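Show me how the following folds:
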Amino acid sequence: MIDPTPWPGHLPVTRLRVARPTDRLAAVTAFYRDVIGLPVIGGWTDDGTHAGYDGVMIGLPGWDVHLEFTQHRDGSPCPAPTRDNLLVLYVDSRAGLDAVATAIQARGGVPVTAENPYWHPRAICFEDPDGWGVVFSLKPGLA
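Modelled structure (predicted):
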C-alpha cells in the first residue's frame, strides 16, 4: 500500500514533468501520440530561444503530469536504456488493462516481454522507438 503522507512542507511541488532526450523526436512523438494515444499538449521548434533544442510535451490525464522529449540540432545522444528503464501507467481493472492492450495493438504497438518477471501476470509492456519500456499494469493489489 502506498503511504498517503503529504509532500514535505519544504517541497511545494504541484506538477511533474519527466524529460529525456532523443535522436528520434518525430518517431517518439508518433509512438506516444498515435500508438499509445496520449495527447500532445505543447512543443516548440528552436527559433533561437531554445539553445538548439526542439521538443514536445505529451500529456497524461490532466496537466499535472506530462512527458517531455527533446532533440538538439547537433544530436541528442543518450545512453541506451536497459530493459528495466520503464514508464509505468496503472489501470484499475483487468478489463481496463485488456482494453488498453487491444487498443494499442490495433494502433501498431507490439507487446514485448519485460525483463522483470514481476510484470508478467499483471501488465502488458511495449517499447518506444528509443527502446524505453512502457508498461500498463494493474494497480498494486489487483493482480
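
going forward, measure contacts and count neighbours with C-alpha atoms only.
Fine.

Residue 67 and residue 43 touch, don't they?
No. Applying C-alpha atoms under 8 Å as the test, residue 67 and residue 43 come out as separate, 11.0 Å apart.

Mutual contacts of these two, please.
Taking C-alpha atoms under 8 Å, 6 or more residues apart in numbering as the criterion, residue 67 and residue 43 both touch residue 57.

residues of the least confident helix or strand in the chain by mean pLDDT that come out buried?
Using mean pLDDT, DSSP states H and E, the weakest-scoring helix or strand in the chain turns out to be strand 16-21, at a mean of 90. Going by neighbour count (16 or more other C-alpha atoms under 10 Å), the buried part of strand 16-21 is residue 21.

Give me the helices and strands touching that strand, please.
strand 65-72 (3 or more C-alpha pairs under 8 Å, 6 or more residues apart in numbering; DSSP states H and E).

which secondary structure elements does the strand it packs on contact?
So strand 65-72, by 3+ C-alpha pairs under 8 Å, 6+ apart, packs with strand 16-21, helix 25-30, strand 53-59.

now what about the next helix-or-strand element following that strand, what contacts it?
From strand 65-72 onward toward the C-terminus, using DSSP states H and E, the following helix or strand is strand 86-91. Strand 86-91 has contacts (C-alpha under 8 Å, 6+ apart) with 97, 132-139.

one more time with 10 Å, if that's ok
18, 60, 67, 96-98, 100, 114, 123, 125-127, 131-140, 142 (C-alpha atoms under 10 Å, 6 or more residues apart in numbering).
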